[in-house]
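In: Show me the folded form of this:
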Amino acid sequence: MKKFILDLTVTENLRLHANYALLKLTDQSRLPEMLPGQFAEIRVDGSPTTFLRRPISINYIDRARNEVWFLIQLVGDGTKHLAEAKPGDIINVVLPLGNGFTIPQTPSDKLLLVGGGVGTAPMLYLGEQLAQNGSKPTFLLGARSNKDLLQLDEFKAIGEVYTTTEDGSHGEKGYVTQHSILTKVNFEQIYTCGPKPMMMAVAKYAKSNQIECEVSLENTMACGIGACLCCVEDTTEGHLCVCKEGPVFNINKLLWQI
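Out: Down below sits the predicted model:
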């Protein structure tokens, strides 16, 4: 897909949690087409300690408002600076980067979307696109506590939502791979994004049950175009740059010990 370097305008910047912000950007022209699972490299201006762009998953595309959303976890000076952007500010982005999740040709009600932490971000746009295609997605979202579960209302507007929390404050207590929905529904396809241990556990479950599974990797992606080799992943096809050949991979292509 063609890549664009755009100066986008902040329409809204919501602090969803002490550690998470939802940044909404727009353009005077219609935003380019973007696939669920793709990401953007966002330039951070005004931060003396941030020199590289920050790779952020595309959270949602609001076509009616011509907005692209980014769910940002505040982990360093760069992301904290983005969380302070105000409506009207201009932010330079490169998008869309990488590949996207596979949309089934035939609609299905046996699609499971698993997100953990900020890894829930690409699941929202993916779920919306699956629903538009006639499918009925099921979301399984995991977090440390109820305070860390984000955008639940938006997910519920698209499909069935199940949750797990490590402290049991919302949904079932434990990890996503321990949720009872996995013993009740025979899913045909699983999509997941989140911490690598969680994705490996989901991939192991999928593989042991002969379920197709795609994961969105979160390797360090400095350039976003495959030039710096910071995000290389070992695969059945050799060393591949996650930012260019991914971030979405079928688990059969990864050399994970699962």
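
In: Please report how far the closest residue to Ser180 other than its chain neighbours lies from Leu141.
Out: If the residues on either side of it in the chain are set aside, Ser180 comes closest to Glu172, at 6.5 Å by C-beta to C-beta, 6 or more residues apart in numbering. Where C-beta positions appear, they are placed from N, C-alpha and C, glycine not excepted. Glu172 is 11 Å from Leu141, where distance means C-beta to C-beta, to the nearest Å.

In: ok, these two, which is more surrounded?
Out: Taking other C-beta atoms under 10 Å, Glu172 and Leu141 do not tie; Leu141 has more neighbours (28 against 17).

In: so what does the helix or strand containing the more buried one touch, helix or strand wise?
Out: Taking DSSP states H and E as the definition, one finds Leu141 inside strand 137-143. With contacts taken as 3 or more C-beta pairs under 8 Å, 6 or more residues apart in numbering; DSSP states H and E, strand 137-143 sits against strand 111-116, helix 121-132, helix 152-156, strand 160-165.

In: what does the shortest one contact?
Out: By that I understand helix 152-156. For helix 152-156, the surrounding residues in contact (C-beta atoms under 8 Å, 6 or more residues apart in numbering) are Tyr60, Thr120, Met123, Leu124, Gly127, Phe139, Leu141, Val161, Thr163.

In: same question, the longest one
Out: Residues external to helix 121-132 that are found in contact with it (C-beta under 8 Å, 6+ apart): 34, 36-37, 39, 56-61, 70-71, 101, 103-104, 111, 113-115, 137, 139, 141, 151, 154-155, 158-159, 191, 193, 216.

In: The helices and strands packed on strand 137-143: which one's closest to Ala227?
Out: helix 121-132 (23.2 Å; C-beta to C-beta).
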